[in-house]
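Colleague: no sequence on this one, just coordinates:
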């Protein structure tokens with residue numbers, strides 16, 4: 001599921017060296033280099049529709065170093081930059097400076113932009129200096145109020161994160177006068193990644209050309225697939241998150257409720273297994289609950305309990321507040337009681353009974369308590385499962401087999417395994433006969 005490619009630089013670029021290079025930009029008169037670096041990073045991370053200004057360094061005659069150009073929503077809706085970018089009538093100006101005295105520079109730059117009267121809706125100021133977070137926020141607020149235009153400041157920390165966490169190392173090596181020694185690398189693309197890269201390019205090209213009118217579930221399926229491919233390639237988080245944001249945004253307009261549920265579920269799994277972000281996974285779990293409350297089905301319950309199991313595992317090693325997890329375990333039990341009273345979702349109810357019984361069994365195994373009563377409780381549930389086509393009996397069987405590998409000698413459990421194995425063999429034999 002993870003990337004099978006390897007990229008190894010002969011001499012890796014370090015943060016210390018990169019930040020030192022940022023620091024000396026002004027003394028080496030490398031304003032143009034810095035502008036090129038910022039514009040290319042911003043095209044990749046902030047908004048793709050940037051037009052650099054021509055002319056002398058420092059903005060030339062245009063008063064800005066770069067600006068966005070207008071695009072239609074047919075194009076911008078398909079971008080996967082994290083926050084959506086500058087779409088439709090939005091017009092952003094870019095001011096880029098590598099001066100050590102950045103405070104007076106930003107004030108004059110914002111004033112110049114405001115005085116152009118070109119209808120800029122946002123000014124993005126980039127500096128090669130490290131700026132204290134509280135200072136940045138205060139100046140953004142003051143200048144936004146003074147000139148009646150949204151001001152955003154990006155400092156050296158943003159540049160460092162762009163290069164080392166958001167996939168812009170190649171841009172830094174191209175633009176900031178690093179020795180060619182730092183560009184030498186050995187790149188091995190794995191067989192799985194070759195397929196992923198080709199398929200991702202195919203999807204992205206298809207998306208750009210696609211005309212969408214009304215509900216288009218195939219379009220949303222491709223957007224979700226792009227998310228899965230992006231994470232499998234272990235693309236920078238900001239890129240994969242951008243694709244998930246795009247999929248959810250477009251699903252609101254052109255997809256189904258189940259597709260939105262699936263995207264949120266995959267985002268939860270991505271947050272855990274690729275980015276080790278338990279809090280985001282938990283927030284996604286809360287979103288999944290809303291879907292289950294709206295419409296309960298086996299597939300939704302199976303997926304939400306998968307995430308709950310991951311939360312339980314995270315709680316067991318102290319990665320999430322136990323009170324939060326206990327509330328969600330209680331939610332599952334209450335949902336089971338609700339379905340029991342309603343009586344209209346027998347398969348969903350059986351699945352919940354199975355899940356609760358399995359978790360109780362696992363809990364007793366971990367605490368080294370007797371499990372015979374748990375085996376007696378789970379046996380009739382498992383025997384009933386084959387009569388519910390929505391429930392994957394094979395998956396339930398695999399869970400029991402896995403637990404068998406960690407259960408000490410227990411005749412009752414071994415009998416259960418034998419009984420389930422007979423059912424699986426019979427089912428497979430019948431299926432083979434039909435073929």
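Modeller: Looks like it came in fine. Computed from a predicted model, the values in this text were never measured in an experiment.
Colleague: so where's the protein shaky on pLDDT?
Modeller: 54-62, 435 (pLDDT under 70).
Colleague: Spell out, range by range, the strands that occur in it.
Modeller: 6-9, 50-52, 66-68, 92-97, 122-127, 150-154, 185-188 (DSSP state E).
Colleague: Give me the residues contacting the second one.
Modeller: Translated: strand 50-52. 35-36, 39, 42-43, 65-69, 94 (CB atoms under 8 Å, 6 or more residues apart in numbering). Heads up, the C-betas are built off the backbone N, CA and C, glycines and all.
Colleague: And that strand, what's buried?
Modeller: Buried residues in strand 50-52, counted by 16 or more other CB atoms under 10 Å: 50, 52.
Colleague: That strand pairs with which strands, parallel or anti?
Modeller: Sheet pairing for strand 50-52, assigned by DSSP bridges, gives strand 66-68 (antiparallel).
Colleague: quick one: contacts of the strand it pairs with?
Modeller: 35, 39, 42, 47, 49-53, 86, 90-94, 96, 120.
Colleague: one more time with 7 Å, if that's ok
Modeller: 39, 47, 49-53, 86, 90-94 (CB atoms under 7 Å, 6 or more residues apart in numbering).
Colleague: next one: stretch 415-434
Modeller: With CB under 7 Å, 6+ apart, stretch 415-434 has contacts from 375, 379, 382, 386, 397, 400-401, 404.
Colleague: Stretch 88-95: end-to-end distance?
Modeller: End-to-end distance for stretch 88-95, by CA to CA, to the nearest Å: 21 Å.
Colleague: Name the residues of that stretch that are buried.
Modeller: Buried, per 16+ other CB under 10 Å, within stretch 88-95: 90, 92-95.
Colleague: quick one on the thing from earlier: turn the strands of the chain into a markdown table, including distance to residue 203.
Modeller: Formatted as a markdown table, these follow (distance: least, CB to CB, whole Å):
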| stretch | distance to residue 203 |
| --- | --- |
| strand 6-9 | 23 |
| strand 50-52 | 24 |
| strand 66-68 | 26 |
| strand 92-97 | 28 |
| strand 122-127 | 30 |
| strand 150-154 | 30 |
| strand 185-188 | 23 |
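Colleague: need the contact list for the nearest residue to residue 374 once chain neighbours are set aside.
Modeller: Spatial nearest neighbour of residue 374, excluding adjacent residues (CB to CB, 6 or more residues apart in numbering): residue 361 at 4.1 Å. Residue 361 is in contact with 371, 374, 378, counting by CB under 7 Å, 6+ apart.
Colleague: Please convert these to a markdown table, extending it with distance to residue 256 and neighbour count.
Modeller: Below are the contacts of residue 361 laid out as a markdown table (distance: CB to CB, whole Å; neighbours: other CB atoms under 10 Å):
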| residue | distance to residue 256 | neighbour count |
| --- | --- | --- |
| 371 | 41 | 22 |
| 374 | 38 | 21 |
| 378 | 34 | 23 |
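Colleague: Kindly indicate which of those residues lies nearest residue 254.
Modeller: residue 378 (42.1 Å; CB to CB).
Colleague: give me the number of residues near the closest residue to the closest one other than its chain neighbours?
Modeller: Spatial nearest neighbour of residue 378, excluding adjacent residues (CB to CB, 6+ apart): residue 357 at 4.3 Å. Neighbour count of residue 357, defined by other CB atoms under 10 Å: 19.
Colleague: burial count for the spatially closest residue to residue 173 that is not a sequence neighbour?
Modeller: Nearest non-adjacent residue to residue 173, counting by CB to CB, 6+ apart: residue 183, 5.1 Å away. Neighbours of residue 183 under the rule other CB under 10 Å: 15.
Colleague: any idea how far residue 10 is from residue 183?
Modeller: Distance of residue 183 to residue 10, given as CB to CB, to the nearest Å: 9 Å.
Colleague: What's the local residue count around residue 388?
Modeller: For residue 388, the count of nearby residues is 16 (other CB under 10 Å).
Colleague: What of residue 323?
Modeller: 8.
Colleague: rewinding a little: identify, from the contacts of residue 361, the entry nearest to residue 408.
Modeller: residue 371 (9.8 Å).
Colleague: and the residue lying closest to residue 172 once chain neighbours are set aside, what does it touch?
Modeller: Nearest in space to residue 172, with sequence neighbours left out and distances taken as CB to CB, 6+ apart, is residue 163 at 4.7 Å. Counting by CB under 7 Å, 6+ apart, residue 163 touches 18, 169, 172.
Colleague: Which ones among those residues lie within helices?
Modeller: 18, 169, 172 (DSSP state H).
Colleague: Distance to residue 327 added to those, as JSON lines?
Modeller: Shown next, in JSON lines, are the ones in helices among the contacts of residue 163 (distance: CB to CB, whole Å):
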{"residue": "18", "distance to residue 327": "44"}
{"residue": "169", "distance to residue 327": "42"}
{"residue": "172", "distance to residue 327": "45"}
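Colleague: gap between residue 326 and residue 311?
Modeller: From residue 326 over to residue 311 (counting by CB to CB), the distance is 10 Å.
Colleague: Looking at those two, which one has more neighbours?
Modeller: A side-by-side neighbour count of residue 326 and residue 311, using other CB under 10 Å, places residue 311 first with 21 against 12.
Colleague: Distance of the residue nearest to residue 172 relative to residue 27?
Modeller: 20 Å.
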